[in-house]
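[1] coordinates for the following, if possible.
(chains A, B, C and D)
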Protein chains: 4
Amino acid sequence: MEHTYRLVIRCPDRVGIVARVSEFISAHQGWLTEASYHSEPPAEDGQGGWFFMRNEIRADSLSVDINTFRQDFAVLAKDFSMDWFLTDSSRRKRLVILASHASHCLADILYRWHSGELYCEIAAVIANHDNLRGMVEWHGIPFHHVPVDKADKAPHFQAVDQLLQQYQAETVVLARYMQILPAAICQQYEGQLINIHHSFLPSFIGANPYFQAYDRGVKLIGATCHYVTEDLDQGPIIEQDVERISHRHNKADLVRLGKDVEKIVLARGLRYHLEDRIVIHGRKTVIFD
Amino acid sequence: MEHTYRLVIRCPDRVGIVARVSEFISAHQGWLTEASYHSEPPAEDGQGGWFFMRNEIRADSLSVDINTFRQDFAVLAKDFSMDWFLTDSSRRKRLVILASHASHCLADILYRWHSGELYCEIAAVIANHDNLRGMVEWHGIPFHHVPVDKADKAPHFQAVDQLLQQYQAETVVLARYMQILPAAICQQYEGQLINIHHSFLPSFIGANPYFQAYDRGVKLIGATCHYVTEDLDQGPIIEQDVERISHRHNKADLVRLGKDVEKIVLARGLRYHLEDRIVIHGRKTVIFD
Amino acid sequence: MEHTYRLVIRCPDRVGIVARVSEFISAHQGWLTEASYHSEPPAEDGQGGWFFMRNEIRADSLSVDINTFRQDFAVLAKDFSMDWFLTDSSRRKRLVILASHASHCLADILYRWHSGELYCEIAAVIANHDNLRGMVEWHGIPFHHVPVDKADKAPHFQAVDQLLQQYQAETVVLARYMQILPAAICQQYEGQLINIHHSFLPSFIGANPYFQAYDRGVKLIGATCHYVTEDLDQGPIIEQDVERISHRHNKADLVRLGKDVEKIVLARGLRYHLEDRIVIHGRKTVIFD
Amino acid sequence: MEHTYRLVIRCPDRVGIVARVSEFISAHQGWLTEASYHSEPPAEDGQGGWFFMRNEIRADSLSVDINTFRQDFAVLAKDFSMDWFLTDSSRRKRLVILASHASHCLADILYRWHSGELYCEIAAVIANHDNLRGMVEWHGIPFHHVPVDKADKAPHFQAVDQLLQQYQAETVVLARYMQILPAAICQQYEGQLINIHHSFLPSFIGANPYFQAYDRGVKLIGATCHYVTEDLDQGPIIEQDVERISHRHNKADLVRLGKDVEKIVLARGLRYHLEDRIVIHGRKTVIFD
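    Residues are numbered from 1 along each chain as shown, chains lettered A, B, ... in the order given. Predicted coordinates:
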């Protein structure tokens, strides 16, 4: 993988943004390996008009170090009222994965990480069942079994919260975790908390979506990878996909077929996140794939 | 197209149904060109257990005429408490199409009918706008403009009802008709009234689904072909499909991309219906494709 | 549709291209509604390294007229050894469609044009059968029946060539034309001659691809929209798609199912072309969708 | 999983096959949980006309044991010149997997087996590299490293052949094995030897299909699961699928994206095989999914 810096920007649209930013990069000798732009036109009421940009710059091409580049850019960014960040592609984000007893999404992430396909550090796996310990520990990753007491879930969430802090989690992945996180945790990891929901949202919110799908008689089932907010299954959608089913498939078949969609949708969404390809914009996402 | 008889059956499941039915067909020298079966196991509470069957039999192979075959089969059908029907593939179903001002689904059906791809008779097109008259009449099909008065829709529906009767409609297709039919019409054409809804149901029920989809930030849009019942967008689903979208697509793009999905989903669903490939089973469908 | 100018560029990659071009646009007060970039890294042997860019600029935002803008840009373009063009989105490209007796692709293009979905002028349809005359003329488009004599095809191609000149064709669409055009015509309309091939190229080149697909027992059939070059079915691919089939489908089913894929693939490819979204790069295409 | 017997049949088509077979099953009190039929009409020259059937029968419903059932059926089967087999769903097929150094397909099969999704016994993994040993042995499966000497591959194939015999392999899976097996092994495991090829066959036969795809500029890449015969990449196709790519993807991206298609296509194909859902018919397959 080429060593690059990723400059990701969101700001109100106006003439000259691309010119100023690309001039800036060029003046610092930056060689672009990727450049992506998006402008969202104003709504019918004239409100809005937004501009989004992602530049990937070869690290060895810059005439200054990354800190100088960042400081210099901050001046320009202020002129355009930008939300922005600059990341170093060689720095692995620290992930903590929350799971339950279902293994498919967790195993898929572990495999992709182990084989080098997902570039990150997996600091720990926390699960409310103990059955996945062997698989996790074989990968050399700490596993924490934190049971849930249905009568009082607070101790579980406190323990989870402490572990997230202890491991200095940057990104938290809910790999079929099946618990609804407290608002405080959702807020703390806003924009860094990724869930896979086993339906094509907004259809079949909540529990047992495959059974809901079976009862409704849909002809496709799906999965949705999204950022978690305080509102259940309402956060910004990152990625979705579907799989065809028919009357020949029973509930168990839906669960089985859905697993493959869940795995692929979560893996794609997580990859976009790790490569800083996502700009969250209100309830929606811009994905620079 | 080969001339066949289509025997379609739904009954409580038990041992020996296939044997008895295929014995019966064989005893009448029937040569099967297609044979499809489906059994739905009992629910967890032990209720149910259903059997579905569709046989397509070469017309020239039978040793008796279709009426005799039908009478003979009625005896067997009673033994197994079957819902069943027997149709002649050479007989064209009489369609009436209801439309509004959007042309894409109507034009698509007309083309498929004109080119011989859809085997049916299109008795008439009824629309609450007059803009599609030229296209319909070029095909040699009567066109009726029946406006809707938003303050009082009853006269419109009465006129539609009368035209359906006058044309002896067997199957009614809502090709983006955009009006909610009265319960009485829904009941009268139960199992023969086909709608295309421009979302992946059950997401985005009701008006402006593409705008709802845009606001929710989904990554796929879809369309659903379903039988109409009294409950809006709740009838048995026949066919669904989706198309990938991204942040680059605005609302107009969603409408445009959605048209192609709508056309194809309606065409597939209508074809299944015309070829007697659908068994309605409560709120769901069995599709013998 | 917004009135824009489209600036499309291909040149050897180096530092500063985006900066210079966007500075130029900004200096002329150009408001970008779309901006897309692509860089192709050098091959392993160090050869190449190409840059591609498409900017869509609001026409009413420019401080100069389009001719001045074009003249000014030519200076910059020379510095970077650019292949480039600048088009006006309000100007309809002149299409001539070549067909045979199959109606599906032609009818689909006519419908999309008629309904305003495809922005172009259809100057004429030329076909080697006469059966599609009524459909074409209903749209108010001249239809020319130019038969093919299998023993001597030269007179046919001469007549076609003359008609293309007479109608000042800019873009030529082969809508299942089924004849192999002479090299001279391919060269004359290089990059403007679009074909739909009824297979997923490079599989099943040449005649009867659906029969070839049936005999090979593939599980998906496809279609390919590509620019025509002198080498049969070898030109740069614009768009492809596939449809699932199974053992239940016979050859006639493959032909029928394939039609829907052909129509959609050709429509997408033609749209990219009409909106100047395609950069031909050797044997490949960059599509700024 | 329900305990069933699977009766799979291929024979020349004629009137009365379904009747006789279903009568037979019914007379033995067999309760059908699945019944699938397919008839292939005669070719234009009148040759052929074939019938295919798969019945899944609840084991506990039969009035006789499986051996008696098999003996009784053999009489009927002879009357209709049937190729047929009867399997017990509770008996796990013995697999041996051949691999090289790429881990994705192997890891995927191991996971599906380990989680109970693939019902089989994995007797051993044989690979010409040693890097996957840890992963295989963690699953409790014997791993054999059998290197290939490019100058003389015969010793490698002899060792592989001996191991297949030693482990009494019934089904052999080539999980990106990358070696061309000798004809003798192909013949010995005919109809039991499954390969995953990393292209949408018949495109890009042979080595480096993703690089071939990149150079040709296709817009979709694919994978093909097929039975291996002596002719390279020419055996009966079991399953195929594709994934969309664009100019933004380089060769490494194609390899990465292709892995997910390969995994899913191989898993589906292997599942069909393990559940006796495939009838090989010349160069093609009938898949009763």
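[2] who in the stretch 101-250 of chain A is up against chain B?
    For the stretch 101-250 of chain A, the residues in contact with chain B under the definition Cβ under 8 Å from any Cβ of the partner chain are A:200-204, A:215-220, A:222, A:236-242, A:246-248, A:250. All C-beta atoms are positioned from the backbone trio N, CA, C, and that covers glycine.
[3] mind giving me the PyMOL select for those, buried ones only?
    A single PyMOL command is used to select the members of these judged buried by 16 or more other Cβ atoms under 10 Å in any protein chain shown:
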select buried, chain A and resi 200+201+202+203+204+216+217+218+219+220+222+236+237+238+239+240+241+242+247
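[4] the closest residue to A:Pro42 other than its chain neighbours: what's it in contact with?
    Spatial nearest neighbour of A:Pro42, chain neighbours left out: A:Gly49 (4.0 Å); criterion: Cβ to Cβ, 6 or more residues apart in numbering or on different chains. Taking Cβ atoms under 8 Å, 6 or more residues apart in numbering or on different chains, we find A:Gly49 in contact with A:Pro12, A:Asp13, A:Arg14, A:Ser39, A:Glu40, A:Pro41, A:Pro42.
[5] restricted to strands, list those.
    The strands, defined by DSSP state E, take in A:Pro12, A:Ser39, A:Glu40 from the contacts of A:Gly49.
[6] restricted to buried residues, select the residues you listed in PyMOL.
    Selection of buried members from the ones in strands among the contacts of A:Gly49 for PyMOL, criterion 16+ other Cβ under 10 Å:
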select buried, chain A and resi 39+40
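[7] what residue ranges in the stretch 101-250 of chain A score low on pLDDT?
    Of all residues in the stretch 101-250 of chain A, none has pLDDT under 70.
[8] which one of the ones in strands among the contacts of A:Gly49 is nearest to chain C?
    A:Ser39 (6.4 Å; Cβ to the nearest Cβ).
[9] give me the pLDDT for the residue nearest to A:Pro42.
    Here, the pLDDT recorded for A:Gly49 equals 92.
[10] and the helix or strand A:Ala184 falls within, what's buried?
    For A:Ala184, the host element (DSSP states H and E) is helix A:183-188. For helix A:183-188, a neighbour-count test (16+ other Cβ under 10 Å) marks A:Ile185, A:Cys186, A:Gln188 as buried.
[11] let me know the angle separating the lengthiest helix in chain A from helix D:251-274.
    Among all segments of chain A classified by DSSP state H, the helix with the greatest residue count is helix A:251-274. With axes from the mean of the first three to the mean of the last three Cα atoms, to 10 degrees as the criterion, the two stretches helix A:251-274 and helix D:251-274 enclose an angle of 170 degrees.
[12] what helices or strands is helix A:251-274 leaning on?
    helix A:104-114, strand A:171-175, strand A:193-197, helix A:209-216, strand A:220-227, strand A:237-244, helix D:251-274 (3 or more Cβ pairs under 8 Å, 6 or more residues apart in numbering or on different chains; DSSP states H and E).
[13] try 7 Å this time
    In this structure, helix A:251-274 makes packing contacts with helix A:104-114, strand A:171-175, strand A:193-197, helix A:209-216, strand A:220-227, strand A:237-244, judged by 3 or more Cβ pairs under 7 Å, 6 or more residues apart in numbering or on different chains; DSSP states H and E.
[14] could these go into JSON lines alongside distance to chain D?
    Written out in JSON lines, the entries for the helices and strands packed on helix A:251-274 read as follows (distance: least, Cβ to the nearest Cβ, whole Å):
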{"stretch": "helix A:104-114", "distance to chain D": "5"}
{"stretch": "strand A:171-175", "distance to chain D": "14"}
{"stretch": "strand A:193-197", "distance to chain D": "16"}
{"stretch": "helix A:209-216", "distance to chain D": "15"}
{"stretch": "strand A:220-227", "distance to chain D": "14"}
{"stretch": "strand A:237-244", "distance to chain D": "10"}
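[15] just the CA atoms of the longest helix of chain A, as PDB, please.
    Output in PDB follows, covering the C-alpha atoms of helix A:251-274 (Å, rounded to 0.1, in the frame of the first residue of the first chain):
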ATOM      1  CA  LYS A 251     -36.700 -18.900   8.000                       C
ATOM      2  CA  ALA A 252     -33.500 -20.800   8.500                       C
ATOM      3  CA  ASP A 253     -32.500 -20.300   4.900                       C
ATOM      4  CA  LEU A 254     -33.100 -16.600   5.200                       C
ATOM      5  CA  VAL A 255     -30.800 -16.500   8.200                       C
ATOM      6  CA  ARG A 256     -28.100 -18.500   6.400                       C
ATOM      7  CA  LEU A 257     -28.300 -16.500   3.100                       C
ATOM      8  CA  GLY A 258     -28.400 -13.200   5.100                       C
ATOM      9  CA  LYS A 259     -25.100 -14.000   6.800                       C
ATOM     10  CA  ASP A 260     -23.200 -13.700   3.500                       C
ATOM     11  CA  VAL A 261     -24.900 -10.300   2.800                       C
ATOM     12  CA  GLU A 262     -24.100  -9.100   6.300                       C
ATOM     13  CA  LYS A 263     -20.500 -10.100   6.100                       C
ATOM     14  CA  ILE A 264     -19.900  -8.400   2.800                       C
ATOM     15  CA  VAL A 265     -21.800  -5.200   3.700                       C
ATOM     16  CA  LEU A 266     -20.000  -4.800   7.000                       C
ATOM     17  CA  ALA A 267     -16.600  -5.500   5.400                       C
ATOM     18  CA  ARG A 268     -17.200  -2.900   2.700                       C
ATOM     19  CA  GLY A 269     -18.500  -0.300   5.100                       C
ATOM     20  CA  LEU A 270     -15.600  -0.900   7.500                       C
ATOM     21  CA  ARG A 271     -13.100  -0.600   4.700                       C
ATOM     22  CA  TYR A 272     -14.600   2.700   3.600                       C
ATOM     23  CA  HIS A 273     -14.300   3.900   7.200                       C
ATOM     24  CA  LEU A 274     -10.700   2.700   7.700                       C
END
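[16] buried set for it?
    A:254-274.
[17] repeat that for stretch A:53-62.
    Buried residues in stretch A:53-62, defined by neighbour count with 16+ other Cβ under 10 Å: A:Met53, A:Arg54, A:Asn55, A:Glu56, A:Ile57, A:Arg58, A:Ala59, A:Ser61, A:Leu62.
[18] adding secondary structure, pLDDT and distance to chain C, write those out as CSV.
    As requested, the buried residues of stretch A:53-62 are arranged in CSV below (DSSP: H, G, I helix; E, B strand; the rest coil; pLDDT from 0 to 100; distance: Cβ to the nearest Cβ, whole Å):
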residue, secondary structure, pLDDT, distance to chain C
A:Met53, strand, 96, 9
A:Arg54, strand, 97, 11
A:Asn55, strand, 96, 9
A:Glu56, strand, 95, 10
A:Ile57, strand, 96, 10
A:Arg58, strand, 94, 9
A:Ala59, helix, 96, 14
A:Ser61, helix, 94, 7
A:Leu62, coil, 95, 11
